[in-house]
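>>> Return atomic coordinates for the entry below.
(chains A and B)
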Amino acid sequence: MDWGFFAGTAIAGLLAGLMYALVAIGFVLIYKTSGVLNFAQGAMVLFAALTFVSLHEAGLAFWLAFLITLAAMIVLGILVEAFILRPLVNQPPITLFMATLGLSYVVEGTAQLMWGTQVHALDLGIKDTPLPIPDILVSRFDLFCASVASTLVVVLTLLFRYTRLGLAFRAAAEDQYAALNTGLRLPVIWAAVWAVAGFVALVTGLLWGARTGVQFSLSLVVLKSFPVLVLGGFDSIPGAIVGGLLIGLTETLAEVYIGPYVGGGIDEWIAYAVALVFLLIRPTGLFGQRSVERA
Amino acid sequence: MARSPAQPAANAFAPFTLALAIGIALGFVPSDYLFDAVLTPFLAISLAGLGLNLLAGYAGQVSLGSAAFMAIGAFGTYNLLLRVPGLPLLAAIVIAGLLTAALGLVFGLPSLRLRGFYLAIATLAAQFVVQWALDTFNWFSGGDTSGVVEAPPLMIVSLAINTSVRRYLFCLAVVAFLTAVAIRLANSRIGREFLAVRDNETAARILGVKVLSTKLFACVVSSFYIGVAGTLWAFLYLRTIEPDGFDLDRSFEILFVIIIGGLASIRGAFLGAAFIVVLPLVLSRLGDAIFGATFDSGLVDIVEKIILGVLIIAFLRAEPEGLSALFTRVRILLPSQAFSRSS
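Below is the predicted model:
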């Protein structure tokens, strides 16, 4: 066995896993505070990346395009709260899930209607070249993504632990009625958490977009992150990271070492197979707290 | 989700008979376009919606893998006709349906431990595994490497199903028969057990309902219907058999059919399917009429997508029982004997 190659593959898998974890974090934020499994997170990634890249191509500076896109994501969060979450309050979780399925169609369609369907290249100024380590391929760009993802996690953890807003988020997650009783406004909290998830979607969209080009397939990253959530638990940010790393690692190693024997392409579903087995053994995931709705 | 109790079975077949009569009468309209582009796909999608509604609407187990089961049905029929010489068409469709039902049982096993969107995620596994297998192993396409194969000529005894109207009438016959069975099922003890499991598993168990076998039975029946729908879709509408048409978007489409049409309702599947099939046709006509020849057909897809998404949210908010409930309300306003209460 070629251990250098193995290490390179494993590292590439872990780094890809971090990217899955980024999408999963957006999910966890929303699920934790409002109990909604947001299928539209992928559409939000597409919307954010497409808006940013179109503004940037129109000549706006990086920071200005970033701020305008962020503002758009905040508006989206407020709209979602007003038109979907509030009217559907107290509905079963599966109804809310289906509503976000509809939302993902609206957001994807709007993004394409506004900015067109062609592929945009996105250059963040980081070269995608390997680090000078003998035998092991580690891309600089992947490392950059990893550091951004880690920073994001630290920032979110600080936000949740040390700010008033974070306290409100945690209160809403803990017990909605108690939160209402202490005078917290759940609609405001929900809109805020969707806006934060929109910010995560923007960061995810920039990193994925720089890797693959900004195009429709960005919204499909949502499908990659479900197994991550199942593995890590739907309500745990550390779980999303660990789950993402595990899924990325499994997927890459399986494709390289098992794939050739069965015709390749197994990375399309191996994560789901792993997640399914895991789901049957430990339905709360590695770090999940809330009990899974079970038979 | 719909919470209506099971309604009495009295005269459950009256609307069915009326619809079937209209369906047969439509067979005399001299328009191949109507059959090929509207009615045949409508029937296939209706049947798939009906199958999913038995599982999701009645038994409460939401699946995002319907298209995979349609694919299993279509490829099953294709391989049976290819590899078993002399097998009659109807036998092939039924055996392929049973094969789909068997696989539905396997993928339904997680439903014994999972509910809600956990199960929905589990069914995504079915979607991806099946699509991968069909894409990767060209054995399923009879060794054809392009992945797209023509449907073989279809025969019932000595009658060739080779014209638009014959294809439509064949579809109509299959769908009508299976719909009649579904109406019986929904109004039977089993149908009420489905609803009991959906609404409260613990209560259902106390009442003596065998929850586990009820869930698995829902999976099996639903998969059989969806498998047959897949055969109709591929053989009689597309007339090619290819994995591409059975992707995740198709699964969502089937789910949207029952959300828009009405959960836990037989006619909901038909109303929803009519909506889903007619919407793009109306939109592209509208686009042509308003913007003329410069109209971009890609734009239609995008606009259709947005409208569909808005409608899903609107229906979940305002009318969780879908078009079917609107239908009921209109009927209450019109004191007519032509309709009677049914599911």
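
>>> so the nearest residue to A:Tyr20 once chain neighbours are set aside, which of the three states?
Leaving aside its chain neighbours, A:Tyr20 sits nearest to A:Gly244 (4.3 Å; criterion: CB to CB, 6 or more residues apart in numbering or on different chains). (Glycine included, C-beta is placed from N, CA and C.) Recorded secondary structure, A:Gly244: helix (DSSP: H, G, I helix; E, B strand; the rest coil).

>>> Near chain A, which residues of the stretch 1-150 of chain B? Just list them.
B:1, B:62, B:110-118, B:120-122, B:124-125, B:128-129, B:131-132, B:135-137 (CB under 8 Å from any CB of the partner chain).

>>> Residue 138: neighbour count?
As the question left the chain open, I've gone with chain A. 16 (other CB atoms under 10 Å in any protein chain shown).

>>> To clarify, I was referring to chain B.
By other CB under 10 Å, 15 other residues sit near B:Asn138.

>>> ok, it touching B:Val148?
No. Here B:Asn138 does not reach B:Val148: they are 11.0 Å apart, not a contact under CB atoms under 8 Å.

>>> quick one: the strands in the stretch 101-250 of chain A?
Assigned by DSSP state E, counting those that start in this stretch, the stretch 101-250 of chain A shows no strands.

>>> Name the residues of it found near chain B, please.
Close to chain B, as judged by CB under 8 Å from any CB, the stretch 101-250 of chain A has residues A:101-110, A:112-113, A:117, A:223, A:226, A:230.

>>> Among the residues of the stretch 1-150 of chain B next to chain A, which lie within helices?
B:116-118, B:120-122, B:124-125, B:128-129, B:131-132, B:135-136 (DSSP state H).

>>> Among those residues, which one has the most neighbours?
B:Ala122 (26 neighbours).

>>> Low-confidence regions, chain A specifically.
Where chain A drops to pLDDT under 70, the residues are A:1, A:127-137, A:288-295.

>>> can you do 50?
Counting by pLDDT under 50, the ranges of chain A that qualify are A:292-295.

>>> Number of residues surrounding B:Ala318?
Other residues near B:Ala318 come to 8 when the count uses other CB under 10 Å.

>>> next one: A:Trp190
Using other CB under 10 Å, A:Trp190 has 25 other residues around it.

>>> Spit out the contact partners of the closest residue to it other than its chain neighbours.
Nearest residue to A:Trp190, sequence neighbours excluded (CB to CB, 6+ apart): A:Glu81, at 4.7 Å. Counting by CB atoms under 8 Å, 6 or more residues apart in numbering or on different chains, A:Glu81 touches A:187, A:190-191, A:194.

>>> what about B:Pro15, distance to B:Ile183?
9 Å (CB to CB, to the nearest Å).

>>> One more: A:Phe5?
61 Å.

>>> In the stretch 101-250 of chain B, mark out all the helices, start to finish.
Listed in chain order, the helices of the stretch 101-250 of chain B (DSSP state H, counting those that start in this stretch) span B:116-136, B:164-186, B:189-199, B:201-206, B:211-231, B:248-261.

>>> For B:Tyr33, which of the ones you listed is the nearest?
Shortest distance between B:Tyr33 and the helices of the stretch 101-250 of chain B, using CB to CB, is found for helix B:164-186: 8.4 Å.

>>> which residues touch residue 104?
No chain specified, so I'll use chain A. Per CB under 8 Å, 6+ apart, neighbours of A:Ser104: A:39-40, A:42-43, A:219, A:222, B:309.

>>> nope, chain B
Going by CB under 8 Å, 6+ apart, the list of residues near B:Gly104 reads B:69, B:219-220, B:222-224, B:226-227.

>>> How about A:Val193?
A:Val193 neighbours (CB under 8 Å, 6+ apart): A:29-30, A:33-34, A:77, A:169, A:172.

>>> Could you pick out the buried ones from the residues you listed?
Those of those that meet the buried threshold are A:29-30, A:33-34, A:77, A:169, A:172, by 16 or more other CB atoms under 10 Å in any protein chain shown.

>>> what's the closest of these to chain B?
A:Ile30 (12.9 Å; CB to the nearest CB).

>>> before we move on, back to that, so for A:Phe5 and B:Ile183, which sits in the more crowded spot?
With neighbours defined as other CB under 10 Å, A:Phe5 and B:Ile183 compare such that B:Ile183 has more, 21 against 13.

>>> thought the more buried one was touching B:Phe13?
Yes. If you go by CB under 8 Å, B:Ile183 and B:Phe13 touch, sitting 6.5 Å apart.

>>> re the thing from before, most neighbours among the contacts of A:Glu81, please name it.
Of all those, A:Trp194 has the most neighbours under the rule other CB under 10 Å, reaching 30 neighbours.

>>> what's the spacing between that one and A:Ala48?
On the measure of CB to CB, A:Trp194 and A:Ala48 end up 13 Å apart.

>>> now swap in B:Ala203 and tell me
Distance from B:Ala203 to A:Ala48, by CB to CB: 45 Å.

>>> Between the two, which is the more surrounded one?
A:Ala48 (30 against 11).

>>> touching chain B at all, the strand or helix carrying the more buried one?
Under the criterion DSSP states H and E, the helix or strand holding A:Ala48 is helix A:41-57. No. Helix A:41-57 stays clear of chain B (CB under 8 Å from any CB), getting no nearer than 9.2 Å.

>>> Show me what counts as buried in the following helix or strand past that helix.
Downstream of helix A:41-57, the first helix or strand assigned by DSSP H and E is helix A:62-80. Neighbour-count burial for helix A:62-80 flags A:65-66, A:69-70, A:72-74, A:76-78, A:80 (criterion: 16+ other CB under 10 Å).

>>> Equivalent analysis for stretch B:169-188, please.
Using 16+ other CB under 10 Å as the test for burial, stretch B:169-188 gives B:169-176, B:178-180, B:182-183, B:185-187.

>>> just checking: which of those residues also lie near chain A?
By CB under 8 Å from any CB, no member of the buried residues of stretch B:169-188 lies near chain A.

>>> From those residues, pick the one nearest chain A.
B:Ala186 (20.5 Å).

>>> so that closest one touches B:Gly268, yeah?
No. Taking contacts as CB under 8 Å, B:Ala186 lies outside contact range of B:Gly268: 11.2 Å.

>>> Quick one: the contacts of A:Val193 as TSV, columns for distance to B:Leu238 too.
As requested, those are exported to TSV (distance: CB to CB, whole Å):
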residue	distance to B:Leu238
A:Leu29	42
A:Ile30	38
A:Thr33	45
A:Ser34	41
A:Gly77	41
A:Phe169	49
A:Ala172	48
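
>>> Among those, which pair sits farthest apart?
Farthest pair in those, by CB to CB: A:Gly77 and A:Ala172, 14.4 Å.
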